[in-house]
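>>> For reference, the sequence and a predicted model appear below.
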Amino acid sequence: MNNHLEAVLKEKRSLRQRLLKPMCQEHLPIEASYHSDLVHLLELAVTFIERLETHLETIRNIPHLDEREKKMSKALAEMDILVTKTEELAENILKWREQQKEVSSCIPKILAEENFPPKHDVTMPPLPLSSKVHV
C-alpha cells in the first residue's frame, strides 16, 4: 500500500494536470445497458442549460419574496381575525335563534291571556230558594 501511495505522490503533478485538463473529445467507455440512460441524462442537461437563464432570474428575484411573504403573513393574520369574528357572530346568531324560539312559544300564551282574561274566583250570589217557575 505504501508503494502505491509513494507512486501517487510522485505523479501528483501529472495527476493534477490531467484533472485540470478538460475531457472533451475523449472516449469514455460506457456499458451498452447504460446508453439509453445516458441519452436521457444528456437531454436533461441540455434542457437545464437552455433554462439556466430562467433559473438564474428566479434566483435573482428571491429578495422580493420577503416582501411577498410579509404581505401573505399580514393577510393570514387578518383572515384569522375575520374567522374569530365570524365564529363569534355565529354563536350570537345561535343564541338569538334560541331566544326567538322562546319568545315565539310564549306569544300564543300572551295572546290568549289578552283575548280571554283569566277568570277570577268570584263567587256567584246564591240562587234564591224559591223559584218562580209556573207549573
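Yes, it's here.
>>> check which helix or strand covers the residue most central in space within the chain.
Residue closest to the average C-alpha location in the chain (C-alpha atoms, centre = their mean): Leu76, at 10.1 Å. For Leu76, the host element (DSSP states H and E) is helix 63-115.
>>> what helices or strands is that helix leaning on?
Helices and strands touching helix 63-115, by 3 or more C-beta pairs under 8 Å, 6 or more residues apart in numbering; DSSP states H and E: there are none. Quick note: C-beta positions are derived from backbone N, CA and C, even for glycine.
>>> Quick check: mean pLDDT of it?
Taken as a whole, helix 63-115 has a mean pLDDT of 87.
>>> what do you get for stretch 8-15?
Rounded mean pLDDT across stretch 8-15 is 79.
>>> can you dump the C-alpha coordinates of it into CSV?
The C-alpha coordinates for stretch 8-15 follow below in CSV (Å, rounded to 0.1, in the frame of the first residue of the first chain):
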residue,chain,number,x,y,z
VAL,A,8,0.8,8.6,-6.4
LEU,A,9,2.8,11.3,-4.6
LYS,A,10,5.5,11.1,-7.3
GLU,A,11,2.9,11.5,-10.0
LYS,A,12,1.0,14.2,-8.2
ARG,A,13,1.9,16.9,-10.6
SER,A,14,0.9,14.9,-13.7
LEU,A,15,-2.3,13.8,-12.0
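>>> Centre of the chain to that stretch, how far?
Relative to the chain's own centre, stretch 8-15 is displaced by 60 Å; criterion: C-alpha atoms, centre = their mean, to the nearest Å.
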